[in-house]
Every structure is written in structure tokens, then in C-alpha cells.
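A.B. asks: Give the three-dimensional model of this entry:
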Amino acid sequence: RSKPATADEALGETSVVIDNPCWGSPTQCSLSDLLELIDRTSAILFESDDYIVLNKPPDLRMDGDFPSTVHKLLTYWYPSESIKDDPNLLERIAKLVKLNDLADNQLRPCHQLDYATSGALLVGRNRKAAGRACEAFRERTTQKAYLAIVHSHLQVDECETLSLS
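C.D. replies: Alright, predicted model coming up:
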């Protein structure tokens with residue numbers, strides 16, 4: 001049997017790939033949908049005056065013009081002074097696209113996680129803290145660990161440990 005020549009052939013002509021961070025929902029989810037799906041107490045792994053560590057779920061964009069993003073989620077949970085008392089906070093945040101859309105937004109991701117990737121995301125709560133962490137990542141003085149969870153049985157002779165350095 002030959003391989004499909006195009007993605008449409010591989011997926012079937014009626015299949016459509018949808019950017020869908022609501023894990024099975026028939027439509028893209030809004031920020032309010034995301035807030036119902038993610039429990040803040042289990043999503044925030046660590047919090048201090050300088051940093052937040054978010055357990056980022058898979059299939060959630062970092063930022064951009066999408067209905068729900070990490071940026072919008074964290075801005076809702078940690079609103080800046082200029083919007084914290086806004087009675088329409090959810091609607092206001094839903095319109096944001098970039099971190100700089102709010103002049104007083106201090107939240108800064110210190111690294112990126114791809115859209116499909118889940119994991120611990122370090123976010124600076126102010127520019128100075130984010131700068132220190134970004135420098136540590138840039139200079140490679142941080143340590144990262146990657147864990148793959150596999151649903152199946154592995155043959156020992158098929159496993160290999162790779163160094164990412």
C-alpha cells in the first residue's frame with residue numbers, strides 16, 4: 001500500500017484539524033471555558049513575590065490572537081493594577097493579544113513551551129525577576145528535566161537515553 005501524497009489524503013478529505021485547546025470540545029474554548037476546565041490551585045505549582053510556576057496543559061498557546069492562552073489565563077488570575085477592579089475583567093482580558101497590550105502588565109514568561117507541550121512554565125512576576133531567569137536560561141546555568149510518559153510496553157533493548165546537551 002502506498003503512502004498518502006498529501007496531508008488531506010492522510011487525514012481524509014472531510015477531516016479538519018482544529019486549533020482546539022479545550023481537549024475534545026466541539027469548538028475552540030473561550031477564556032471563561034478555560035477557567036472552568038483548569039483548577040488554579042493545581043495549576044500553580046509554585047508562587048513567590050518574583051515567580052509563578054504554571055503547570056501548562058498541552059494544546060494551549062502561550063499568547064496571540066486566540067480565544068484562550070497562557071497569557072490570558074495568568075492575566076486573569078494575576079491582573080495588573082490598571083484592570084484589577086474592572087467589572088468586565090473577563091471580557092477585557094479576552095481581547096488581549098500580546099503581553100504589552102497592558103502597559104502595566106508585569107508578567108513575563110521566562111521561556112517558551114510549544115503549543116502541544118505540557119510542563120512547568122516559569123513566569124516572572126516582574127521584569128527584573130524575569131530578566132534574571134531569562135539570563136540563567138540563556139547562559140544555560142539552569143537544569144531542565146524531560147519526562148515522557150508512554151502508554152504501552154517498552155522493550156528494554158529498544159530504550160535509549162539521549163543527552164540533550
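
A.B. asks: Low-confidence bits of this protein, can you list those?
C.D. replies: 1-28, 154-165 (pLDDT under 70).

A.B. asks: hmm, try it at 50
C.D. replies: Where the chain drops to pLDDT under 50, the residues are 1-5, 7-19, 24, 26.

A.B. asks: where exactly do the strands run in it?
C.D. replies: Using DSSP state E, the strands of the chain run over 44-47, 51-56, 108-109, 119-124.

A.B. asks: Could you tell me how far the helix ranked longest in the chain lies from the centre of the chain?
C.D. replies: Longest helix in the chain, counting residues (DSSP state H): helix 127-138. Helix 127-138 sits 18 Å away from the centroid of its parent chain (Cα atoms, centre = their mean, to the nearest Å).

A.B. asks: before we move on, back to that, and of the strands of the chain, who's closest to Leu31?
C.D. replies: Leu31 lies closest, by Cβ to Cβ, to one member of the strands of the chain: strand 51-56, at 15.1 Å. For every residue, glycine as well, the C-beta is placed using N, CA and C.

A.B. asks: so what does the closest one touch, helix or strand wise?
C.D. replies: If you count contacts as 3 or more Cβ pairs under 8 Å, 6 or more residues apart in numbering; DSSP states H and E, strand 51-56 packs onto helix 40-43, strand 44-47, helix 70-77, strand 119-124.

A.B. asks: Taking strand 119-124 as reference, get the angle to the longest one.
C.D. replies: Our comparison of helix 70-77 with strand 119-124, counting by axes from the mean of the first three to the mean of the last three Cα atoms, to 10 degrees, yields an angle of 60 degrees.

A.B. asks: Now do helix 70-77: distance to the chain's middle.
C.D. replies: 10 Å.

A.B. asks: go on, the last one?
C.D. replies: Relative to its parent chain, strand 119-124 has a centroid offset of 9 Å by Cα atoms, centre = their mean.

A.B. asks: All set, thanks.
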